[in-house]
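Asks: how would this look folded up:
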Amino acid sequence: MICNISGKIPQEPVVNKNTGHVYEKRLILKYLEENNNTCPLTQESLTPEDLIPLISQSNTQQQSGIVRNLQSTSITSLLHLFQTEWDSIMLETFTLKQQLEASRKELSRALYQHDAACRVIARLLKEREQYEKQLQQQRQNPQDMQGIPQESLKQIEKHSAALVTARKQRRPSPNAATPDALGALQEPQMTQLLHGSVGVSCIATQDRTTDDTARSLWFSGGVDGLCVLFDRNSEQILAELRGHTKRVNETAFHPDLDILFSCSDDKTSRIWSSNENGEYNTHYTMKNHKDAVTGLSLHPTGDYYATSSKDASWSFYDVGTGTAYCNLPSKEPLSTIKFHPDGIIAATATMSGKVQLWNLKNQSVVATMDLHQGAINSLCFSENGFEMVTCSEDQTAKIIDLRKLQSSKTFEFDSNVRSGLFDHNSLYVALGVGSTVQLYQTKSWQHVNTLSCHSDDVTGIQFGKEAKSLVSCSLDRQIVYFQTQQ
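Replies: The predicted model follows:
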């Protein structure tokens, strides 16, 4: 017989009449006293009355006096003390074994639950990724795109007709800056370092009045993927927009809404919107291009925009829903894109120096012009809609007469030409040539001024209202602001 507590042969064996388990009498009585009469094995109620003594040969010998009384000598007293200690150790060991077994069971259950939870989370993440991919494909997969909706085309045509009528009636502003005023520009009025230790790759500007506060806003993009919104009047950074992971190639403002646009070498374009606290967050991220997104252009209606890409395609989007209506293939990688002021024509430039004119009505190429020997870095339509300027890595800039679809003026330089644009009155054209900004009059194409304000290539230029101010950005990290004295 073995005691179920000590694992030893009991001297005074007793048996639980309910379960048949055998114990050492003194151990089980001590256990019952310490654990409120609970069976150590079954955890059921157990009282001393439920214990029945078992008679063995050793018991008979003790009762007959063969075994010496434990209290008769000091040695036996010590042995009794040691026995008591041993009993306590056995009880504690038994309790620890029970607790260990319970802990093992609890740990096993927790591990199974954790494993099950991890499996569920992994399955949900996989399903979410699949659903997101399906949604992205449904919204932006070229095979699923049906082209620009007829309702949108009707809106574009109606808006175009109104713009053509208004443009015919518009005359150059009498308050526009004079050639002498622009020729007198020498020292910048302001120089800002908004992108830390990296170059500035593009910039857009807008004059806006909010809450009776006039703001002159700059929206710049950096080589590091950071976009910065800056108020020139207060000389404060209003927001740092983080989301792109590579160089930002172009930025733009919405003319009426508090919405910003950007595109990047990370193959995405983004629509940014502000919340009640004035904080800007990504509203939509477009991922339908397979290579760097090189340019973007906001449609004159303000309801659509387009992007060009090195994957030899350009896409047309709805600003309000973030839906890509079409992804049109080109034969060559594209370097930039711009809408004509009327909104019916879109121009795309290629890495080989060609310009393609697309008709939005049927989304097809209506004209192709082979203009440069190198990649076209930028193109811009004049506001009157008659001319276009192209800037190329072949160190030339060309003025294109859109009525004849041929070059009417070629500017040759000794440096790369990265940027160029007309002012709003179509009176001047500014070119970013190397580290300088070159200003010319239109029609006569006479040189007005050279602004040597940077130490590296100029990547972006913007005229202010009435051409009385000018902003340029460069890979030298600086954004420079000029203003006439007129």
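Asks: flag the shaky bits of the protein, pLDDT-wise.
Replies: Counting by pLDDT under 70, the low-confidence segments of the chain come to 56-73, 135-145, 486.
Asks: could you pull out the helices in it for me?
Replies: Defined through DSSP state H, the helices belonging to the chain, from first to last, are 25-34, 57-63, 74-140, 150-169, 179-183.
Asks: can you redo those as JSON lines with distance to residue 211 and mean neighbour count?
Replies: Just so you know, the C-beta spots here come from the backbone N, C-alpha and C atoms, and that holds for glycine as well. Below are the helices of the chain laid out as JSON lines (distance: least, C-beta to C-beta, whole Å; neighbours: other C-beta atoms under 10 Å):
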{"stretch": "helix 25-34", "distance to residue 211": "77", "mean neighbour count": "18"}
{"stretch": "helix 57-63", "distance to residue 211": "101", "mean neighbour count": "12"}
{"stretch": "helix 74-140", "distance to residue 211": "36", "mean neighbour count": "11"}
{"stretch": "helix 150-169", "distance to residue 211": "29", "mean neighbour count": "13"}
{"stretch": "helix 179-183", "distance to residue 211": "32", "mean neighbour count": "17"}
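Asks: nearest to residue 429, of the ones you listed?
Replies: With C-beta to C-beta as the measure, helix 179-183 is the member of the helices of the chain nearest residue 429 (11.4 Å).
Asks: distance to residue 240 added to the helices of the chain, as TSV?
Replies: Converted to TSV, those look like this (distance: least, C-beta to C-beta, whole Å):
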stretch	distance to residue 240
helix 25-34	67
helix 57-63	88
helix 74-140	27
helix 150-169	34
helix 179-183	33
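Asks: out of the ones you listed, which comes closest to residue 379?
Replies: In this view, these are compared for proximity to residue 379 by C-beta to C-beta, and helix 150-169 is the closest at 19.4 Å.
Asks: so what's the gap between the closest one and the chain middle?
Replies: In terms of C-alpha atoms, centre = their mean, to the nearest Å, the gap separating the centre of helix 150-169 from the centre of its chain is 36 Å.
Asks: check stretch 74-84 too.
Replies: 77 Å.
Asks: can I get it in PDB, CA atoms only?
Replies: Provided in PDB are the C-alpha atoms of stretch 74-84 (Å, rounded to 0.1, in the frame of the first residue of the first chain):
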ATOM      1  CA  SER A  74      15.600  11.900  23.000                       C
ATOM      2  CA  ILE A  75      16.700  10.200  19.800                       C
ATOM      3  CA  THR A  76      13.200   9.100  19.100                       C
ATOM      4  CA  SER A  77      12.000  12.600  19.800                       C
ATOM      5  CA  LEU A  78      14.400  13.900  17.200                       C
ATOM      6  CA  LEU A  79      13.200  11.200  14.800                       C
ATOM      7  CA  HIS A  80       9.600  12.300  15.600                       C
ATOM      8  CA  LEU A  81      10.600  15.900  14.900                       C
ATOM      9  CA  PHE A  82      12.200  14.900  11.600                       C
ATOM     10  CA  GLN A  83       9.100  12.900  10.700                       C
ATOM     11  CA  THR A  84       6.900  15.900  11.300                       C
END
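Asks: if we can go back for a sec, to residue 8, which of the helices of the chain lies closest?
Replies: The closest of these to residue 8 is helix 74-140. By C-beta to C-beta, the value is 8.0 Å.
Asks: who are the packing partners of the closest one?
Replies: Contacts of helix 74-140 with other secondary structure elements, assessed using 3 or more C-beta pairs under 8 Å, 6 or more residues apart in numbering; DSSP states H and E, are made with helix 25-34, strand 324-329.
Asks: which ones are touching residue 192?
Replies: 218, 230, 235, 478, 479, 481 (C-beta atoms under 8 Å, 6 or more residues apart in numbering).
Asks: how far away is it from residue 223?
Replies: Residue 192 sits at a distance of 16 Å from residue 223 (criterion: C-beta to C-beta, to the nearest Å).
Asks: repeat that for residue 24.
Replies: Here the distance between residue 24 and residue 223 works out to 83 Å (C-beta to C-beta).
Asks: which of these two has more neighbours?
Replies: The residue with more neighbours, out of residue 24 and residue 223 and counting by other C-beta atoms under 10 Å, is residue 24; that gives 24 against 18.
Asks: pretty sure the more buried one sits against residue 2.
Replies: No - the criterion here is C-beta atoms under 8 Å, and residue 24 misses it with residue 2 at 9.8 Å.
Asks: need the overlap of contacts for those two.
Replies: Counting by C-beta under 8 Å, 6+ apart, the contacts common to residue 24 and residue 2 are 8, 10.
Asks: thinking again about what came up before, out of the helices and strands packed on helix 74-140, which gets nearest to residue 365?
Replies: Across the helices and strands packed on helix 74-140, the minimum distance to residue 365, taken as C-beta to C-beta, is reached by strand 324-329, at 8.9 Å.
Asks: how much does the closest one deviate in direction from helix 74-140?
Replies: Compare the direction of strand 324-329 with that of helix 74-140 by axes from the mean of the first three to the mean of the last three C-alpha atoms, to 10 degrees and you get 70 degrees.
Asks: okay, now the sheet partners of strand 324-329, with direction.
Replies: When pairs are called by DSSP bridges, strand 324-329 turns out to pair with strand 313-318 (antiparallel).
Asks: what's next to the strand it pairs with, contact-wise?
Replies: 140, 142, 148, 152, 269, 286, 288-289, 303-309, 323-330, 334, 337, 346, 348, 358, 360, 363.
Asks: may I see the buried residues of that strand?
Replies: For strand 313-318, the neighbour count (16 or more other C-beta atoms under 10 Å) marks 313, 314, 315, 316, 317, 318 as buried.
Asks: list the beta-bridge partners for the fifth one.
Replies: Using DSSP bridges, the bridge partners assigned to residue 317 are residue 305, residue 324.
Asks: TSV for the helices and strands packed on helix 74-140, including distance to residue 429?
Replies: Rendered in TSV, the data for these read as follows (distance: least, C-beta to C-beta, whole Å):
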stretch	distance to residue 429
helix 25-34	98
strand 324-329	29
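Asks: out of these, which comes closest to residue 186?
Replies: Distance to residue 186, taken as C-beta to C-beta, is lowest for strand 324-329 among those, at 45.4 Å.
Asks: now that closest one: buried residues?
Replies: Buried residues in strand 324-329, defined by neighbour count with 16+ other C-beta under 10 Å: 324, 325, 326, 327, 328.
Asks: how near is the first one to residue 348?
Replies: In this case it means residue 324. In this view, residue 324 and residue 348 are 16 Å apart by C-beta to C-beta.
Asks: likewise the second one?
Replies: Plainly put, residue 325 is 16 Å away from residue 348 if you go by C-beta to C-beta.
Asks: cool, and the third one?
Replies: Distance, residue 326 to residue 348, using C-beta to C-beta: 13 Å.
Asks: residue 319 - how many residues pack around it?
Replies: By the measure other C-beta under 10 Å, the count of residues near residue 319 is 20.
Asks: got the contact list for it?
Replies: Taking C-beta under 8 Å, 6+ apart as the definition, contacts of residue 319 comprise 254, 259, 271, 298, 302, 303, 304, 305.
Asks: got CSV for these, with distance to residue 352 and neighbour count too?
Replies: Below are those laid out as CSV (distance: C-beta to C-beta, whole Å; neighbours: other C-beta atoms under 10 Å):
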residue, distance to residue 352, neighbour count
254, 32, 18
259, 34, 20
271, 30, 19
298, 26, 20
302, 32, 15
303, 32, 16
304, 27, 22
305, 25, 25
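Asks: go through the residues you listed and name the one nearest residue 111.
Replies: Taking C-beta to C-beta as the measure, residue 111 lies nearest residue 271 of the contacts of residue 319, at 45.9 Å.
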